[in-house]
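[1] here is my input, please return the structure:
(one chain, ligands or ions: 1)
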Amino acid sequence: MGSHEDRTYVVTGAASGIGAATAAALADAGARVIAADLAWDGAPSPGDVERVRLDVSQPGEWVVLAEQLRPAGGEPSIDGLVNAAGITRRARLHDATADDFAAAFAVNATGPALGIQALAPLMRDGASIVNVGSAAGTMAHYGIAYGASKWALRGITKTAAMELGPRGIRVNLVSPGFIETPMTASAPVAFRDANLVATPLARTGTPAQVAAVIVHLLSPDAAFVTATEIAVDGGLTGHGGGLPIARALTGD
Ligand code: NAP
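    Numbers count the residues shown, from 1 in each chain. Below is the predicted model:
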């Protein structure tokens, strides 16, 4: 995964799931990790990290964090940001409320954009930002507000990559499929089962498997990778509907 010694990263949603695994992997690789989440009560620390409280949907809280991280000399000090904080909203088209859309967009789309706004001025040349999207942001999804917020995050990723490229800052998106975390633990069993059927690898993923891809995108090994999207989904979205057709023809 390469060394991340002498590098500083901010990871949101770091108390749980994919964010926690990413914070832990970065700390293991020698980085200084600012691990941010809504609350830390009862949550174990994901390794040797600095835990901070942050609501990603609140612009003022990002400003406070940026001020805390600004070195006395004012020179750039941050090497990357991982926007992993997220919430789900599972209501379907006819049931989703305006509040569902507002909540999903505030955390899953506006939050990452606010984080990029606040921290990009502190980033060094060569810094890397990774937004955690979703397979739900690349196809139709039964939870309309959640899916739409993840589609929006793809647009934010592309625009930020365009705007920040001249400063040497890369911005990419990772789109997980079904990963075993507290978020998916609250989903109906039928959702998990249907994902397994639709996934060519026929298994779910782990937070560490997503973290490994994020850590790669943060590293200089990915120095020419920006404005792109990587699915970490066992092939869920790649077959584009071909899997049930192939199965019907072959009986596999
Ligand atoms: P998770 O275990 O629920 O972790 C998400 C973390 O984000 C939680 O600690 C949560 O805190 C925190 N959070 C929620 N709202 C926040 C806010 N306003 N400010 C700061 N932190 C906030 O979920 P996960 O599965 O690891 O999800 C991580 C990311 O991956 C999310 O963006 C999710 O949409 C995406 N994703 C997950 C899957 C999957 O299968 N698990 C698939 C595709 C995409 P609380 O627990 O207090 O709410």
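
[2] not counting sequence-adjacent ones, nearest residue to whatever residue of the stretch 51-200 of the chain ends up closest to the ligand?
    Per Cβ to the nearest ligand atom, Gly86 is where the stretch 51-200 of the chain lies closest to the ligand, at 2.2 Å. All C-beta spots, glycine's among them, are computed from the backbone N, C-alpha and C. Excluding the flanking residues, the one nearest Gly86 by Cβ to Cβ, 6 or more residues apart in numbering is Asn108, at 5.1 Å.

[3] which residues sit in contact with the closest residue to Ala66 other than its chain neighbours?
    The shortest distance from Ala66 to any non-neighbouring residue, by Cβ to Cβ, 6+ apart, is to Ala118 (4.5 Å). Listed by Cβ atoms under 8 Å, 6 or more residues apart in numbering, the contact set of Ala118 reads 59, 62-63, 65-66.

[4] shaky segments in the protein?
    Counting by pLDDT under 70, the ranges of the chain that qualify are 1-2.

[5] what does the strand ranked longest in it rub up against?
    Secondary structure of the chain per DSSP state E: the longest strand is strand 123-132. For strand 123-132, contacts defined as Cβ under 8 Å, 6+ apart pick out 13, 18-19, 76-84, 86, 112, 116, 120, 153, 156-157, 160, 164, 167-174, 176, 210, 214, 217-220, 222-223.

[6] same question for stretch 50-58.
    Contacts to stretch 50-58, defined as Cβ under 8 Å, 6+ apart, come from residues 12-15, 32-40, 45, 61-62, 65, 68, 83, 85, 106-107, 110-112, 114-115.

[7] next, count neighbours for the residue of the stretch 51-200 of the chain closest to the ligand.
    When neighbours are counted by other Cβ atoms under 10 Å, Gly86 registers 27.

[8] from Phe105, how far out is it?
    As judged by Cβ to Cβ, to the nearest Å, Gly86 and Phe105 stand 11 Å apart.

[9] likewise Arg247?
    For Arg247, the distance to Phe105 - Cβ to Cβ - is 36 Å.

[10] of these two, which one has the most company?
    Phe105 (19 against 11).

[11] from what I can see the more buried one touches Gly147, true?
    No. Phe105 is beyond contact range of Gly147, at 11.4 Å (criterion: Cβ atoms under 8 Å).

[12] what's the helix or strand for the residue nearest to Val171 when sequence neighbours are not counted?
    Distance criterion Cβ to Cβ, 6+ apart; nearest residue to Val171, sequence neighbours excluded, is Ala161 at 3.9 Å. Counting by DSSP states H and E, the element that carries Ala161 is helix 144-164.

[13] cheers, nothing more for now.
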